[in-house]
Structure formats: structure tokens, C-alpha cells
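Peer 1: 3D model of this:
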Amino acid sequence: MYGKTRAGIGLPPILDDEGILLVKSGGGRLADAAINGRLFSVANQAAVAVTANLTTTWTGLGVCNPSGSGKLLVIQEFGWSPSVVNPAEGVVGLMTATDTGFAAAIAARCARNGYATSVALCDDGATISTPVLERIVGSTMEGAITTTTTAGPHIYRVDGSIILAPGRSVLTYHSIGGTASLLFHFVWEEVDA
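Peer 2: Below you'll find the model as predicted:
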């Protein structure tokens, strides 16, 4: 058998006259998750001030899988960009914590627009449990977005290498902090736990 239909039925391989397997591209790497209503995203709706380092009075953008959701959140992508003059150089990263303090401050969107509702709580500021830095993904530079070579957008493909079980969250990290200049986004897939 070669592949399966979306209903899970096995398909026989298709070969040409010489016995060579014929394949056809089926869309992007996340197309099936999007078509099936399992792919979600969230972005800050305005530039956000970011807190410095591993603080529990945090601001930025975070995605939380609340306890009891019955789902795993498979993080696929993270991105950031300055929207105005950035006040400070700094390291951008991803940190994780529990679901403490999270609220549904920003609505997650289904990639199949209007099809499904996410279980995730998405927030841009909360009093959280002690976070742990997981990844360094880039940096911000001080100066106008028209003059810096790192204006963005910056995309970090997580590719499912961070998975949030119920009761866990992933949050933005910045080493210096700063006034409202940055926008962030996350993309994730929701699968049964």
C-alpha cells in the first residue's frame, strides 16, 4: 500500500510502464492539518512590550494547553518582527511553563477559517509559573526598522519539536525587554492526547 486517503483507507501504489513509482505533490507540509481543521495560529494584534529574561510577570505572546484539554499542541512555527523603532538589542527565544495565569486574551484562528475552535488559551501578559528557556531563535537590533538588517519578519520552524501536553505553555522570551515594538506569532497543530 502507498499512502492513505483522508478517511484512512490504504491506497495501492501507482507505477508507470517501467515500474517506477509515480508521485504527486499534495500541497504544503501542513496542508492536511489545515484541511482537517487541526491547524491554528495566533498573533499579537498590536505591538507588545516584552519583559526581560525569565520573569514570572511576563508580557509578549504565549500559547497554553489548559489542563484537561485532552489534546496535545504540536508547535510548528514561531515568528517575530519589530513594527516600530526597536528600543534595545536582545536575544529572542522560546520558554515553557505551566498553565498558571493564562487567559484567553487573544483568539486563536483555525487555518481552515471558521471551521474549528482551538482548545488553546492565548495571552499577551500574565503572572506565570517560573519559566524555563528552551530555545534561542534569533535577536532584535536597536534602531529603525528601515535601517537595520534584521527588520524581519523572522520565522523559526519548530516543526513539532516542542509539544505541549495539557497544563503546559510556550511563551516568548527576550533577554533585554522593551517598550511596545514587537509582534509575534505561533502556529500549532492540535491532536488527541
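
Peer 1: L171 versus R135, what's the distance?
Peer 2: In this view, R135 and L171 are 11 Å apart by C-beta to C-beta, to the nearest Å. For glycine as for every other residue, the C-beta is placed from the backbone atoms N, C-alpha and C.

Peer 1: what residues are shared contacts of these two?
Peer 2: L94 (C-beta atoms under 8 Å, 6 or more residues apart in numbering).

Peer 1: neighbour count for these two, which is higher?
Peer 2: L171 (26 against 17; other C-beta atoms under 10 Å).

Peer 1: just grab the bridge partners of the residue nearest to the more buried one when sequence neighbours are not counted for me.
Peer 2: The shortest distance from L171 to any non-neighbouring residue, by C-beta to C-beta, 6 or more residues apart in numbering, is to G62 (3.7 Å). Counting by DSSP bridges, G62 forms beta bridges with D123, L171.

Peer 1: distance of G62 from A180?
Peer 2: Distance, G62 to A180, using C-beta to C-beta: 16 Å.

Peer 1: hmm, back to that, okay, now the residue nearest to L171: neighbour count?
Peer 2: Quick note: G62 (other C-beta under 10 Å) scores 31 neighbours.

Peer 1: in this structure it contacts A120, no?
Peer 2: No - the criterion here is C-beta atoms under 8 Å, and G62 misses it with A120 at 9.6 Å.

Peer 1: give me the below-cutoff pLDDT ranges for this protein.
Peer 2: 1-8, 22-26, 85-88, 142-152 (pLDDT under 70).

Peer 1: rerun that using 80 as the cut-off
Peer 2: In the predicted model of the chain, residues 1-17, 19-27, 83-89, 141-152, 178 satisfy pLDDT under 80.

Peer 1: report the secondary structure state of the nearest residue to W80 once chain neighbours are set aside.
Peer 2: In space, and not counting its chain neighbours, W80 is closest to F184: 4.9 Å by C-beta to C-beta, 6+ apart. Following DSSP: H, G, I helix; E, B strand; the rest coil, F184 is assigned to strand.

Peer 1: now the helices for this protein?
Peer 2: 31-35 (DSSP state H).

Peer 1: now for the residue nearest to W80, how many residues are close by?
Peer 2: Using other C-beta under 10 Å, F184 has 23 neighbouring residues.
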